[in-house]
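*Asks:* Give the three-dimensional model of this entry:
(chains A and B)
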Amino acid sequence: EAQVTQNPRYLITVTGKKLTVTCSQNMNHEYMSWYRQDPGLGLRQIYYSMNVEVTDKGDVPEGYKVSRKEKRNFPLILESPSPNQTSLYFCASSPRLAGRVGELFFGEGSRLTVL
Amino acid sequence: QKEVEQNSGPLSVPEGAIASLNCTYSDQGSQSFFWYRQYSGKSPELIMFIYSNGDKEDGRFTAQLNKASQYVSLLIRDSQPSDSATYLCAFGGDTGRRALTFGSGTRLQVQP
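*Replies:* Residues are numbered from 1 along each chain as shown, chains lettered A, B, ... in the order given. Below is the predicted model of the structure:
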């Protein structure tokens, strides 16, 4: 089954305790991205990756890191989480088709609470 | 000014009626437009995309795009209670980074 898998789905942590949210896709997609979703603000892009070893900042990258060492995996790292990073996080992937932007396939989401 | 404007709703329609959802955008360079459906507590799923002016139909769904007026709409015919969800519009510009800009979504309630 084609899917994007995120873990953990739910996490409560404390300020400053490093955490990683994993994301893996089995569709051989070149493009992967992380979004956060907050009430009234919609989905905002954190980081994206066009291919292995190629990553770049989205609209709200502060406080986050990513890496893309393998095509299928794109982990999101919070080095020192703060309460304003409490949010619902989505990983998404997309096939790299010329002229086509945005047919994103989303993971199930990871709800993070930072106390 | 927000880049994508959607009425947050809720939009309430009776079962069997046509639901009309609207979205305006500010980026005149936008090339592609999408409608995603998101059930409560779930991830967004793509239901329609449109690249050219005019209408595009897929089953009970019709997407309408008017680039000159910078709006895109989604019509849902014969609305069902299972259509109750939040509908997100999104557009992609020619940025080269394949980012979508999402609206905050319109919550649709279909009353049985």
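
*Asks:* can you count the residues close to whatever residue of chain B ends up closest to chain A?
*Replies:* With CB to the nearest CB, the shortest gap between chain B and chain A falls at B:Gly92, namely 3.4 Å. Heads up, the C-betas are built off the backbone N, CA and C, glycines and all. Neighbours of B:Gly92 under the rule other CB atoms under 10 Å in any protein chain shown: 24.

*Asks:* what separates it from B:Glu3, distance-wise?
*Replies:* Going from B:Gly92 to B:Glu3 by CB to CB, to the nearest Å gives 12 Å.

*Asks:* overlap in contacts of those two?
*Replies:* Common neighbours of B:Gly92 and B:Glu3, using CB atoms under 8 Å, 6 or more residues apart in numbering or on different chains, are B:Thr101.

*Asks:* and residue 75, what does it touch?
*Replies:* No chain was given, so I picked chain A. A:20-23, A:66-67.

*Asks:* try chain B instead
*Replies:* Counted by CB under 8 Å, 6+ apart, B:Leu75 has contacts B:18-21, B:61-64.

*Asks:* Identify the residue spatially nearest to B:Asp55, adjacent ones excluded.
*Replies:* Closest residue to B:Asp55 apart from its sequence neighbours, by CB to CB, 6 or more residues apart in numbering or on different chains: B:Gln64 at 5.2 Å.

*Asks:* Could you confirm B:Leu75 falls within a strand?
*Replies:* Yes - judged by DSSP: H, G, I helix; E, B strand; the rest coil, B:Leu75 forms part of a strand.

*Asks:* isn't B:Arg37 right up against B:Ser43?
*Replies:* No - B:Arg37 lies out of contact with B:Ser43 (CB atoms under 8 Å); the separation is 10.2 Å.
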